[in-house]
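K.L.:
My questions concern the predicted model and sequence given below.
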Amino acid sequence: MENLEKHFRQVGSEPETGVLELDIGLSGGRSIALDQYHHQAFKIIRPHYLDDSGQVYYTIANPGGGYLGGDSYRIDINVQPGASALVTDQSAAKVYRTPGNYVVQNINFSVEAGGVLEYIPDQLILYREADFRQNLVARVSSEGSLFISDVVTPGWAPDGSQFGYNQARLRNIIYVDDEPVVLDNIVIRPDDPGFAKELDFYMDGRTHFSTAICCDPGIDEDLFTLVQNEVKEYSSRFTDLNAAVTKLDKPGFMLRGLGNRTEHLLELTMLVANIVRAELRGQGKLHLRKY
């Protein structure tokens, strides 16, 4: 089996371009950051509360405006028992040319019993000759709830090509009660000579892709079927959108989407997130305010 670790620079292997650490707990009936730290390129915007559930909403900002070759980022978020956090970013993450060295982002999530973490960033845009690698590890209690997503889209290229970037490598590893439940390793390498020849095989003729993963003890057969049907109905509206949902070995599911328009994949992610929020926690639809 291929040693996947060689494709990622690990935490502490070199100076980090941006660091964000959040420890979310309960105080006075609301979730707050009991401890927070941000350094260099990452900033955290003042928290908001979008409903009366007590869930805290944080927005991550990157004042630098984009990722460059050799950048190394880290996000660590822990959600304590009974606390709830919704985390997004301020705008699309843009990865520019990375000559000589790739960009890496290491994300570590921990959700304790009764905790809720929703991580729904904007799209990741990869421009010409970009190489981006993300390693996400989540450790979730069997009584905790996790929803994570990503949307990857090619950026503009002078020659009009849709796959001007060199590589997108996104790995998601999820443990439930320390038992591995998800190992999802996406590798898209347009710089591989065989990629253009097998484009229909790799991407079904599409240019954008998305992933959403949900782990929650409340996901039963009825809820899974509801999500599955809603995804099927939404996908049927667009001829260039293909999406499907798969069960996990523990209560949960994974959504994968392929399309040609960022907004379709983002809307699909929100659709599924809103179903989970409404059915399991009685929360309203997400209307993320960006600043």
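P.N.:
Thanks, I have it.
K.L.:
Any stretches of the chain with poor pLDDT?
P.N.:
Scanning the chain for pLDDT under 70 picks out the ranges 1-14, 289-291.
K.L.:
What count of nearby residues applies to the nearest residue to residue 277 once chain neighbours are set aside?
P.N.:
Excluding its sequence neighbours, the residue lying closest to residue 277 (Cβ to Cβ, 6 or more residues apart in numbering) is residue 283, at 4.1 Å. All C-beta atoms are positioned from the backbone trio N, CA, C, and that covers glycine. Residues within reach of residue 283, counting by other Cβ atoms under 10 Å, total 21.
K.L.:
would you say residue 283 is within a strand?
P.N.:
No - counting by DSSP: H, G, I helix; E, B strand; the rest coil, one finds residue 283 to be coil, located in no strand.
K.L.:
how far away is it from residue 61?
P.N.:
Residue 283 sits at a distance of 24 Å from residue 61 (criterion: Cβ to Cβ, to the nearest Å).
K.L.:
same question, residue 171
P.N.:
Using Cβ to Cβ, residue 171 is found at 25 Å from residue 61.
K.L.:
mind listing the helices for the stretch 101-250 of the chain?
P.N.:
193-197, 199-203, 221-235 (DSSP state H, counting those that start in this stretch).
K.L.:
Residue 176: neighbour count?
P.N.:
Neighbours of residue 176 under the rule other Cβ under 10 Å: 24.
K.L.:
That one reaches residue 142, doesn't it?
P.N.:
Yes - assessed by Cβ atoms under 8 Å, residue 176 is found in contact with residue 142 at 5.5 Å.
K.L.:
what sits in contact with each of these two?
P.N.:
Common contact partners of residue 176 and residue 142 (Cβ atoms under 8 Å, 6 or more residues apart in numbering): residue 250.
K.L.:
Do I have it right that residue 175 meets residue 136?
P.N.:
No - using Cβ under 8 Å, residue 175 makes no contact with residue 136, being 11.8 Å away.
K.L.:
Can you pick out the residue with more neighbours from those two?
P.N.:
Legend: neighbour count by other Cβ under 10 Å for residue 175 and residue 136, higher for residue 136 (21 against 17).
K.L.:
What residues does the more buried one make contact with?
P.N.:
Residues near residue 136 by Cβ under 8 Å, 6+ apart: 107, 108, 109, 148, 170, 171, 172, 173.
K.L.:
Including neighbour count, could those residues go into CSV?
P.N.:
Converted to CSV, the contacts of residue 136 look like this (neighbours: other Cβ atoms under 10 Å):
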residue, neighbour count
107, 18
108, 16
109, 22
148, 22
170, 20
171, 18
172, 20
173, 16
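K.L.:
and those, which of them are in strands?
P.N.:
When the contacts of residue 136 are checked against strands (DSSP state E), the matches are 107, 108, 109, 148, 170, 171, 172, 173.
K.L.:
Quick check: bridge partners of the nearest residue to the first one once chain neighbours are set aside?
P.N.:
Spatial nearest neighbour of residue 107, chain neighbours left out: residue 136 (4.2 Å); criterion: Cβ to Cβ, 6+ apart. Counting by DSSP bridges, residue 136 is bridged to residue 107, residue 172.
K.L.:
and what of residue 45?
P.N.:
Beta-bridge partners of residue 45, as defined by DSSP bridges: residue 59.
K.L.:
What is the burial count for residue 287?
P.N.:
Residues near residue 287, counting by other Cβ under 10 Å, number 7.
K.L.:
what does residue 84 give?
P.N.:
Other residues near residue 84 come to 23 when the count uses other Cβ under 10 Å.
K.L.:
now do residue 237
P.N.:
As a burial measure, residue 237 scores 9 neighbours (other Cβ under 10 Å).
K.L.:
That concludes my questions; thank you for your assistance.
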